[in-house]
Each structure stands twice: as structure tokens, then as C-alpha cells.
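1. sequence first, then the predicted structure, then my questions.
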Amino acid sequence: MLNISGTQINFLKVRVITFILSAILIFLSIGAFFVNGLNFGIDFKGGTLIEIETSQEIEISGLRDNLNTLKLGDVQVQEFGSSKNLLIRVEQQLGGDQVQQDVVQIVKDSLGSYLSTDINFRRTEVVGPKVSGELIQSGAIAIFVAVFAMLVYIWFRFEWQFSLGAVLALVHDVILTIGVFCITQLEFNLPIIAAILTIVGYSMNDTVVVYDRVRENLRKYRSKEITDLLNLSINDTLSRTIVTSVTTLLALLSLFIFGGEVIKGFTFAMIWGVIVGTYSSIFVAAPLLRYLDVKREWNTTSAVDSTR
Amino acid sequence: MLYFSNLKIFSVLAVIIITLLFAVPNFFGKDQLETFPNFFPKQQVNLGLDLQGGSHLLLEVDTEEIIKERVENLNADVRRVLKKNNLNYSNFKVSNESLKFIVEGFNSEIQKEISELSMSNSQNILAMGDQTNLIITQEENTVQINFTEEFIKQSVSNAVAQSLEIVRRRIDELGTREPSIQRQGSSRIIIQLPGIDDPDRIKSLLGQTAKLTFQLVDTSVNFDPFNPSKAPIGSEILASDADEEFKYIVKKRIMVGGENLVDAQPGFDPQTNEPIVSFRFDRIGATKFGRVTQQNVGKPFAIVLDNKVISAPVIREAILGGSGQISGGFDSEEANDLAILLRAGALPAPLIILEERSVGPDLGADSIEAGQFAAIIGFIAVIIFMIFVYRYFGLLADIALIINLFMVLGVLSLFQATLTLPGIAGIILTIGMAVDANVLIFERVKEEIRNGSNMMNAVENGYKRALSTILDANITTLIAAIILFFMASGPVRGFSITLAIGIFTSVFTAFTFTRLLISLNAKRLKPNFVGLSKNA
């Protein structure tokens, strides 16, 4: 039987190590962001994406060479899940929105004459420069709004110290998630923004549970040393933190393995986010409270009372 | 807390059963549903285009073109008025949104005349009670004329509304299954076409303005079609539709336009068997057409579509019946499409395709299958894990989880929300996160038992204490889902919907259904039921 209840692990003892670890990871992420940058998909970069399925296996390099003679700029061809499924990406063409539309026809014609097999066009996406610019903007705004909304909510429900700690942990998670996409160069597209927003929600959810317990223990043990109190709170909630993370990861892993190629990047981001979010609520958000001078005298009639 | 009155039990079960009823239709085919009694819900979950296959197009009305046209009309009006009053003007400049010129003797009389002419030429655009659509400023002899901002806005808005109507007509003509055509923002149109994965034909239909005009060919000058000289004033050089290199020189004056057409049908020329489009004018058009053909027998008459000459047949005799035919060397599909375009009418401005997303039916079906399989595996894994950790209570949470899943499906069907591939991901994520509320409660119960409470009190207090935590934790995720809903569109929006529904149903089931199950078994509960060994 799994029993993680009643643990007494000294999480705060390792806080220097975990802070340094987090700092290194953040540094790496920011570094990768400026060195590699994000590998934007067509949602944000504009361009054309065509997914085809063929009845026979195709030699990719030959097809790539053939498509690169079309003078459409950079054309990428890659396997997508199986050797009969190919993904063709054509970079955005100069000359505005209308020009992008011609690409599909040119590529389709060329594929038809080059490949001797049956071609099933499974997916065609064309995003013009106007829309891609707007999508990147609204995606960035969405993440900022979400983080800000969390800041306000936690401030409202707790105290500013908690709010600051939670948001720092949140920013930590968002940076590491964007960082992993910079390092792996996995395609960064619209669903990844959705994943990051969900991570924001999930990570906050985890942090709130720990903070809730911290607040409760602050009322219960008025003279307890803050480090011990934080340790106690993390241990109290550890079992829940692990169980929920495991069930969420089980569901996500299943989606990652069986859910198909289209949604893989999204699921990867979510899995990474759940791991980072769980880590940060234990090793970043809670230990941060030690430095933030949390209020010890809680008013027991406060609206946020949970220890009646 | 553990006591449930009969009324409470009844209402909890009623809510659950009703929601579940709405999920039921999804497990039957459309034909089977027909045989269900009338009171039974028959709505199925709406599948997004990424799951059922289809095409999404985002178009934008070229508003610059509309303003340009307005300014050109104004230009003509102003010059006419100046000429009529024998005023000499110089430095006439036409910019994007205004006219500027130097003139002597410009006074309020003339200003009034320009205003009135412009007003009368824009009757259909002006809002009720508008006094003027122009701002005329004069500084010594320099005059500048602008449209009011209100008028520009109204012009664009009208053009977009009109475009929407014409797009709808063109698509309806093709007999597409349940198309959705909506306006977005000030100048955009979103088209959703379920079941169409190759929208080439629709794109080409929408890509044409389809402005049809009949103009006389200018025969007054010697003209080499392959090497045109400059057109005299009042004429213009237009390319042939079939051959870009072949030019025509036609008079600018439009004799009859497409707006006077009442019908256009594809057909075949009985003599040559060539595809043609035959058309019919309304009364005004027929009169105009009759007069022109009467006066110009023996001369070529150009049929112009979107500034390209389809053909320029010689008028053999006056055509007074108000109908005619166009032949221009097209195949039968082209003839058919041209007829559709002419019937639907011309767009007030060109449409630009900003975004296209098309998914074939195979990929959609594959996605559903993969999503279902992933959901089942994830579901089984979570169920086993929960029983492993919480034993009997885990089993209760699992029952709640199953109910929960069907409730999500029921709510989706009830509100006719759209299920997309990211939406399926949202449901699977919900499977993982929905147990959280129960986990929080069970952990509290365990703690209470360890602190020496008896089982009943432990459960009672566990629920009490976990409440505020559960609310706080779920509200944060809900905030993220709401922001996503408002910022995103298309498939990603579907994710925020399932995520939000999942949050509500999971909190609901944890606080009502699981608690109900526990309370019904309250007397028989033992500590090991929640995963604690007896000596803990």
C-alpha cells in the first residue's frame, strides 16, 4: 500500500540547493531563448502546412529536393508518426496575405506530378502574416493576464506575501516551459499557449493547497519557527500533491502515447508543466515564504477561515 | 455534514440523472435516435471541424479598396461641380482619404453644392439624420475635402454586411452542408464548412469580386492587341480573361452592369455545344441593353468580369428581349461557377483570405479514435491507482469519476458546445484532475483519524476542512480556463470549455455524490477503507 502520509522530510534544508537549481534552469531557459529562440509553428510565423498520407513509403530527401526547386523559400519535409505520413511546411511568402494562398496549389500540383502514389491530403493550414502577428500578440497577452489574475486572486484570498511567492513560482514555471521548447526546438504553436495557461492554472492549484495549509498552521501554531512550520505544511500536503500529480500524469501520459501525433506537442508541454509545477510548489513557492515575512497574527474571524 | 435529507438525496440524484440523460444520445446513431420517445434528449455533441473534417476560412474585406472607391467617386463629383462653375483648379491631389486642390473663388455656395451632390450619391450609406458626410476646410485658396470618420466607418460596415450576404449566397449555391458564415470584428468573415477538406473551388469563388460590366470596344484607334499603345482619354486597356497577353481597348463608360441581372444559368450553345452562361436582365437593364445594342450594331461589345474581358462579340442585331448569353471558351464547371457568381452578385470590395485550416475526414476520424483510446487507457490507469492508494474510498472516487465523465459529455451535449481535439485533451486532463477534490478530502480524513478522531467525525471534519482549499484550488484553474476561452478561437477554445465544465462537475460530484455514497455507508466505515492500515 502506498503511504506517504505523516512524512517529516526537511524540505527547507535543501532550499539553497533547489534555489540554485531553479536559478540555473531559469538562466539556461533565458539563454536558450536568446540563442536558439522558439521554433515557431505557422500559427505564429505564418506559412503553409500540409499533411499528406501516401499509399507507399516515400523517400523524404528526394521529395524535399524536389519541393525546394519550387522557389518557395525554405520547404521542410518530415515524417509525421509513420513513414507514410508526411508533414510539409513552407515558409511564409513575401507579398502579403493573398500570396500565401497560391502556395497550396503549387505544392499540390508538384506533389501530384512528382509522387506516383495516391496522395491523401489530411490537413492543410495556411496562416497569413496578419493573423500570425495577431495570434502571437494575443497569446502573450493571455499569459500575462492569467499570471496577473492569479496574483490578484491570491492577494485577495491570502496576503500579499503569499501572492508574491505564488506568482514568482508561476513565472518560474512559465519560463522553464518556454525554455524547454527553446532547448528541444519542438514546434511552438497555438495549443502550446493553451498548455502554458493550463500549467499556470495547475501550478497555482498546487501552490494554493500548500499555502492554504501554511495559513492554517500559522493560526494553529503561533510560536512555531517559520522554517519548521513551512516544513510541516509541505509534509501535511505532500501525499495529496503526489497523488494528484500522479493521476494527472497518468492521464497525460496516456494521451501522449496514444493520443495521436497532432496533439503530441501540447501533451508534452502539459507533462513538463505538471512536473515543474509540482516541483515549484514544494521547492520554490513554499520556501519563498520564509523570506517574505509572512504575517503571524491571523484574524480568526477572517473570511478565509478554514479551521472552524 | 454527513446527514442527507431525502429531499437532498433526491435533488442530487436528479441533477446527475438528468445530466447523464443528455449524454446518452452520443452513444447511438442518428437513425436509432429517431426511434426514441419524444421527451428524450436527442442532441449529440457538436464535433469541431478538426474532428469531423472540414474547412475553416478567415476572410477580410479589403476596406482600403472601399475607401479608395469612395474617394474616387468624390473626386469625380468635385471636379464636376468645379467645372460647372467655371472654376480653374490646380495642384489637384488625391490621397488615401482626402482631396486637396488650389482654386480661386471657392465659396460657401460651391461648398454646399459639393456637399449636396456627395450626399445624394451616398444615400444608401448614410445613417438617418446625418447632415453631411464631408469635412471641407479652406485656407486662402487651398481647399481640402475629407469624409467624416462616421461616414467612412458606415461605408466599411455596409460593405462588410453586403459582402457577408453575397458570400452566403455564393456558398449556398454550391449546396454545402450546414455552412456557418459569421462576421468577426469590424471587417472579417469566418466561414466554417463541415465536410469540405479541399476548399479550392470555394476559395476561387470567393476570391473573385465578380463585377460584371458591358462596355463598348473603342474602335476609333488603331490597336495592336499584343503591343498596345496608350489608351485615349475615356478608354482603358484591359487584358483578355483567357490570355493575359491579349489586350482589348474598351470605353470606360459602363453601358450595363451586373447589378441589373436577375438570373444567370449555365448551359450549352445548341450549335457549337460549347458551355455558355445565359443571363436575363431586369427591366432597367433590358432597356439599357436594348438601346446600346440598337445604336451599335456591327460594333464589338466587351463583356468584362473583374476588369478582364471574357469576350467581345460583335453586335449583329439589337437585342431587345433583355437576355443574352456569354461564351468565352470555358468548360462546364467554369460556366457553372460564373453563373453562380452572377446570380449571387458582385462583392463591394475584394476579399482577402487571411487564414485557412482544412482537415480531411480521415484525420478527424483518426483523432477521435486516438482520443477515445487515450481516454480509456488514462481512465483505467487512474482508476487502478486510486483504488491502490485509497482502497474503498478510492473505489467511491472512481465511481464519481465515471459519473463525472458522463456529466461532462452530458453538459457538452446540453449546451451544444463544440468538442475539438484539444477539447478531448481537456476531458482527459479532467480525468486526471477530477479526483483531486476527493484526494484532498480523503487526505484530510486520514489526518483526522491519525489525530485520534473516530471514523464518523473524521469524515465529517475532513469534508468541512477541505472545502475552502478545494474551492481556492479549483478557482485558479477556472480563471485560467476563462482567460483561455476569451483569448482563443477555434479548436483551442474547445479545450477551455471542457476544462471548465470538468472543474464544475468534479467539484459537484465530490461534494454531493461521493459524500452521499460515504454517508449511505457511514455505519460500516473502517479506517482501512481510506487506505490506512489499522495500526496507523
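-> Received the coordinates, thanks.
2. hey, which helix is longest across chain B?
-> helix B:361-414 (DSSP state H).
3. what's the mean pLDDT across it?
-> Averaging pLDDT along helix B:361-414 gives 91.
4. and that helix, is it in reach of chain A?
-> Yes. Judged by C-beta under 8 Å from any C-beta of the partner chain, helix B:361-414 comes into contact with chain A at B:362-363, B:366-367, B:370-371, B:373-375, B:377-379, B:381-382, B:385-386, B:388-389, B:391. All C-beta spots, glycine's among them, are computed from the backbone N, C-alpha and C.
5. buried ones among those?
-> Buried by 16 or more other C-beta atoms under 10 Å in any protein chain shown: B:363, B:366-367, B:370-371, B:373-375, B:377-379, B:381-382, B:385-386, B:389, B:391, out of the residues of helix B:361-414 next to chain A.
6. what are the structural domain limits within the chain?
-> I went with chain A, as the question did not name one. Chain A breaks down into these domains under automatic domain parsing: A:11-39+A:132-291, A:47-127.
7. looking at chain B here, not the other one
-> According to automatic domain parsing, the ranges for chain B are B:6-53+B:362-530, B:63-151, B:207-356.
8. and these, which is most packed in?
-> domain B:6-53+B:362-530 (a mean of 20; mean count of other C-beta atoms under 10 Å in any protein chain shown).
9. so how far is it off the chain centroid?
-> Using C-alpha atoms, centre = their mean, to the nearest Å, the mean C-alpha position of domain B:6-53+B:362-530 is found 32 Å from that of the whole chain.
10. just stretch B:203-221 next, same as before
-> Using C-alpha atoms, centre = their mean, the offset of stretch B:203-221 from its chain centre is 29 Å.
11. tell me the phi and psi of B:Ile145?
-> phi -120, psi 130 (degrees, to the nearest 10).
12. and it, how close does it get to chain A?
-> For B:Ile145, the distance to chain A equals 30 Å [C-beta to the nearest C-beta, to the nearest Å].
13. now swap in B:Thr35 and tell me
-> In terms of C-beta to the nearest C-beta, B:Thr35 sits 34 Å off from chain A.
14. which parts of the chain are helices?
-> Just so you know, I chose chain A. Secondary structure of chain A (DSSP H): helices at A:15-35, A:42-45, A:60-68, A:97-114, A:129-157, A:160-184, A:190-220, A:226-258, A:264-280, A:286-291.
15. that's the wrong chain, I wanted chain B
-> B:6-23, B:30-34, B:49-52, B:63-84, B:108-120, B:149-173, B:200-206, B:283-295, B:332-344, B:361-414, B:421-450, B:455-487, B:491-508, B:515-520.
16. pLDDT below threshold where in the chain?
-> Picked chain A for this. A:1-6, A:297-308 (pLDDT under 70).
17. look at chain B instead
-> Across chain B, the ranges flagged by pLDDT under 70 are B:1-2, B:123-131, B:527-536.
18. which residue is nearest the middle of it?
-> For chain B, the residue lying nearest the average C-alpha position, counting by C-alpha atoms, centre = their mean, turns out to be B:Ile190 (2.0 Å).
19. surely it and B:Pro179 touch.
-> No. With contact defined as C-beta atoms under 8 Å, B:Ile190 and B:Pro179 do not form a contacting pair (10.8 Å).
20. so how far is chain B from A:Arg123?
-> Counting by C-beta to the nearest C-beta - A:Arg123 and chain B are separated by 5 Å.
21. beta partners for the closest residue to that residue other than its chain neighbours?
-> Spatially, and ignoring its direct neighbours in sequence, A:Arg123 is nearest to A:Glu51 (4.0 Å; C-beta to C-beta, 6 or more residues apart in numbering or on different chains). Taking DSSP bridges as the rule, A:Glu51 bridges to A:Leu87, A:Arg123.
22. next up, the contacts around A:Glu51.
-> A:Phe80, A:Asn85, A:Leu86, A:Leu87, A:Ile88, A:Phe121, A:Arg122, A:Arg123, A:Thr124, B:Leu363 (C-beta atoms under 8 Å, 6 or more residues apart in numbering or on different chains).
23. wait, the third one sits on A:Ile52?
-> Yes. Checked against C-beta under 8 Å, the pair A:Leu86 and A:Ile52 is within contact range at 5.3 Å.
24. which neighbours do these two share?
-> Counting by C-beta under 8 Å, 6+ apart, nothing touches both A:Leu86 and A:Ile52.
25. list the helices and strands the longest helix of chain B packs on?
-> With contacts taken as 3 or more C-beta pairs under 8 Å, 6 or more residues apart in numbering or on different chains; DSSP states H and E, helix B:361-414 sits against strand A:119-127, helix A:226-258, helix B:6-23, strand B:46-47, helix B:49-52, helix B:421-450, helix B:491-508, helix B:515-520.
26. and those: which comes nearest B:Ala76?
-> Distance to B:Ala76, taken as C-beta to C-beta, is lowest for strand A:119-127 among the helices and strands packed on helix B:361-414, at 38.3 Å.
27. wait, which of the domains of chain B is closest to A:Leu72?
-> Of these, nearest to A:Leu72 by C-beta to C-beta is domain B:207-356, at 16.4 Å.
28. the closest one: end-to-end distance?
-> 13 Å (C-alpha to C-alpha, to the nearest Å).
29. so does that domain get close to chain A?
-> Yes. Between domain B:207-356 and chain A, judged by C-beta under 8 Å from any C-beta, the touching residues are B:Gly207, B:Ile352, B:Ile353, B:Leu354, B:Glu355, B:Glu356.
30. biggest separation within the residues you listed, which pair?
-> B:Gly207 and B:Glu355 (14.4 Å).
31. B:Ile383 and A:Trp155: what is the separation?
-> Separation of B:Ile383 from A:Trp155 (C-beta to C-beta, to the nearest Å): 38 Å.
32. same check, this time on B:Glu60
-> 41 Å.
33. related to what we said a few turns ago, winner for burial among the domains of chain A?
-> Mean neighbour counts for the domains of chain A (mean count of other C-beta under 10 Å) peak at domain A:11-39+A:132-291, with a mean of 20.
34. how far out from the middle of the chain is that domain?
-> Per C-alpha atoms, centre = their mean, the centroid offset for domain A:11-39+A:132-291 relative to its chain is 9 Å.
35. endpoints of it, how far apart?
-> Start-to-end, domain A:11-39+A:132-291 (C-alpha to C-alpha) is 15 Å.
36. which positions in the stretch 201-308 of chain A make contact with chain B?
-> So far as C-beta under 8 Å from any C-beta goes, the stretch 201-308 of chain A lies against chain B at A:201-202, A:204-206, A:208-209, A:212-213, A:236-237, A:239-240, A:243-244, A:246-255, A:257-260, A:262-263, A:266-267, A:270, A:304-308.
37. right, and the helices and strands packed on helix B:361-414 - which one's nearest A:Leu168?
-> helix A:226-258 (15.1 Å).
38. sorry, back to before: could you give the angle of the longest helix of chain B to helix B:6-23?
-> 150 degrees (axes from the mean of the first three to the mean of the last three C-alpha atoms, to 10 degrees).
39. now the angle from helix B:361-414 to helix A:264-280?
-> 50 degrees.
40. for the residue lying closest to A:Lys264 once chain neighbours are set aside, give me its contacts.
-> Excluding the flanking residues, the one nearest A:Lys264 by C-beta to C-beta, 6+ apart is A:Phe256, at 6.6 Å. A:Phe256 is in contact with A:Lys264, A:Thr267, A:Phe268, A:Ile271, counting by C-beta under 8 Å, 6+ apart.
41. list just the nearest of these to B:Thr505.
-> A:Thr267 (22.1 Å).
42. relative to B:Ala374, how far out is the residue nearest to the centre of chain B?
-> For B:Ile190 relative to B:Ala374 (C-beta to C-beta), the value is 30 Å.
43. then B:Gly423?
-> B:Gly423 is 13 Å from B:Ala374, where distance means C-beta to C-beta.
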